[in-house]
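Engineer: Here you go, sequence then predicted model.
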Number of protein chains: 2
Amino acid sequence: MKLKHLVIATAALSVSLGALAQMKVEDAIKVRQAGYRYMGWNMGKIDANLKGEFKADEVKAAANVIAAIANSGMGALYPAGSDKGVGFHETAVKPEFFQNMPKVGEHARAFNKEANELAKVAGGGDKDAVKAQFGKVGGTCKACHDDFRKKD
Amino acid sequence: MKLKHLVIATAALSVSLGALAQMKVEDAIKVRQAGYRYMGWNMGKIDANLKGEFKADEVKAAANVIAAIANSGMGALYPAGSDKGVGFHETAVKPEFFQNMPKVGEHARAFNKEANELAKVAGGGDKDAVKAQFGKVGGTCKACHDDFRKKD
């Protein structure tokens, strides 16, 4: 085998192994949709607690879910090629997301910061403090959705 | 209005308000499928870390997701009538789940206990300890699936 062929064969193997290690685009979209859906349910529970009877344990558990998912490395769920595709449903991400990674990173860091702070505040059990911090988390969700999520 | 009619009207209103407060069956199935899917991704990450390079921070974050979801009151996602139905896909729950709540509770408590212990152990960063505890969590998943989840 000539060196040139060996190099090409090695490169092909490397691409193939890389593809194996990476999730299928459809699966990546499914998992990120799952993460957002599960966070959404927990955001809804906190909202219901703020509008009605405040059950501190339920709020704390819900805030822990949101923070844990925020900290779980969702960036890996946006592989190249996942700007379009169907997971559990058609992805709502805008193609601009993949063209503006520094801005995506800004949104992600803001969300993580406020979600972790919410988990901390919820641990304290004070309704007014949770309400204020919940608003900040919601603001970071909205900011990213406004930039990078297609309207329904 | 006669008393009898008032009682019936009040009962109807109460049922109607109860229905409003409760999630739609389809949504409850979607959210529980989302929760399991997101846990599954995080179980997969821990498994990959145990079989390859052990990145302690990634394992800790993944274990925190599993514990937070385990603690999030998934029981509310199994309302009456959700033994059948389509969320993101057809539910895989067996009807027996709804007929054997004490056993469901046993499985749920075992899973929560081991998932919380995994989050604690993962915080320590010791690969062998994580491996042992990860096996225990997996065992509680399998035990419930064997009893209450339809085979693929």
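Structural biologist: Okay, I see it. Numbers count the residues shown, from 1 in each chain, chains lettered A, B, ... in the order given.
Engineer: what about A:Gly75, how many neighbours?
Structural biologist: Counted with other Cβ atoms under 10 Å in any protein chain shown, the neighbours of A:Gly75 add up to 12. Placement of C-beta: from N, CA and C, glycine included.
Engineer: right, I mislabeled it, should have said A:Asp146
Structural biologist: With neighbours defined by other Cβ under 10 Å, the count for A:Asp146 comes to 10.
Engineer: Look up which helix or strand it falls in, please.
Structural biologist: helix A:127-148 (DSSP states H and E).
Engineer: Would you mind pulling the contact partners of that helix?
Structural biologist: Outside helix A:127-148, the residues within contact range by Cβ atoms under 8 Å, 6 or more residues apart in numbering or on different chains are A:43, A:46-47, A:49-50, A:54, A:59, A:63, A:66, A:93-94, A:96-97, A:100, A:103-104, A:107-108, A:110-111, A:114-115, A:117-118, A:121-122.
Engineer: The residue nearest in space to the middle of chain A and A:Asp27: what is the separation?
Structural biologist: Nearest to the mean C-alpha position of chain A, by Cα atoms, centre = their mean, lies A:Met74 at 4.6 Å. Remark: distance between A:Met74 and A:Asp27 (Cβ to Cβ, to the nearest Å) = 14 Å.
Engineer: And A:Lys84, by the same measure?
Structural biologist: According to Cβ to Cβ, A:Lys84 and A:Asp27 sit 15 Å apart.
Engineer: neighbour count winner among these two?
Structural biologist: Each of A:Lys84 and A:Asp27 has its neighbours counted (other Cβ under 10 Å); A:Asp27 has more, 16 against 11.
Engineer: give me phi/psi at that one?
Structural biologist: With angles defined as degrees, to the nearest 10, A:Asp27 sits at phi -70, psi -40.
Engineer: dump the residue contacts of the residue nearest to it when sequence neighbours are not counted.
Structural biologist: Nearest residue to A:Asp27, sequence neighbours excluded (Cβ to Cβ, 6 or more residues apart in numbering or on different chains): A:Gly87, at 7.6 Å. Neighbouring residues of A:Gly87 by Cβ under 8 Å, 6+ apart: A:26-33.
Engineer: now with 7 Å?
Structural biologist: By Cβ atoms under 7 Å, 6 or more residues apart in numbering or on different chains, the residues touching A:Gly87 are A:26, A:29-30, A:33.
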